[in-house]
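A.B. asks: below are the sequence and a predicted model for it; my questions follow.
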Amino acid sequence: MTESLDRYFETALRKKDRWDVAEVRNALAGCRQRIADTHIDWEEGDENWARLLKDRQVILLLSALIPLAFVLSNHRDAVLDVLRDCLVVPVESFSSERFNVSRKLIERIVGREISTNVNYDQISISDLWWATVS
């Protein structure tokens, strides 16, 4: 059984007008301060998602389009107050294919067609990132 991500994306989409590049930058900087030895992977203006990595592992995936973040559960408490304007979804793994999401909803958010090489009925957060990163 998979968990739907639609409600998270729909909720964050309703708050899109309050989310901009400056908010993303501030959120990333705050999270980076809270979790030692991390670095930011994001091409501002080109990528729809920013990632916070520690030892090559994704800790946080933050949307640059809507106020939505996926964070590894064991780091949730460290970043929750920094991401106060953002809907934070804790996950146990970015590679587990235990989610589903409406492809049409994601296309509405990113403003373009997204990859058809992904099974949106059983998707991981990493695959979602890959399908929508640019």
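C.D. replies: Good, I have the coordinates.

A.B. asks: how about the residue nearest to Asp6 when sequence neighbours are not counted, what does it touch?
C.D. replies: Leaving aside its sequence neighbours, Asp6 sits nearest to Ser102 (C-beta to C-beta, 6 or more residues apart in numbering; 5.3 Å). Any C-beta I mention is one placed from the backbone N, CA and C, and that applies to glycine too. When contacts are counted by C-beta atoms under 8 Å, 6 or more residues apart in numbering, Ser102 touches Asp6, Phe9, Tyr120.

A.B. asks: which one (most neighbours) among these?
C.D. replies: Phe9 (22 neighbours; other C-beta atoms under 10 Å).

A.B. asks: can you pull the contacts of it?
C.D. replies: Ile66, Leu68, Val101, Ser102, Leu105, Ile106, Ile109.

A.B. asks: and the first one, how far is that from Val110?
C.D. replies: Summarising the geometry, the distance separating Ile66 from Val110, computed by C-beta to C-beta, to the nearest Å, is 10 Å.

A.B. asks: repeat that for the third one.
C.D. replies: Relative to Val110, Val101 is positioned 12 Å away (C-beta to C-beta).

A.B. asks: these two - which one has more neighbours?
C.D. replies: Val101 (22 against 18).

A.B. asks: these two touch, right, that one and Asp6?
C.D. replies: Yes: contact criterion C-beta atoms under 8 Å: Val101 and Asp6 qualify, at 6.0 Å.

A.B. asks: may I see the ChimeraX selection of the buried members of the contacts of Phe9?
C.D. replies: Buried residues within those, by 16 or more other C-beta atoms under 10 Å, are selected in ChimeraX with:
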select :66,68,101,106,109
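
A.B. asks: turn the contacts of Phe9 into CSV, including pLDDT.
C.D. replies: Shown next, in CSV, are the contacts of Phe9 (pLDDT from 0 to 100):
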residue, pLDDT
Ile66, 98
Leu68, 98
Val101, 98
Ser102, 98
Leu105, 98
Ile106, 97
Ile109, 97
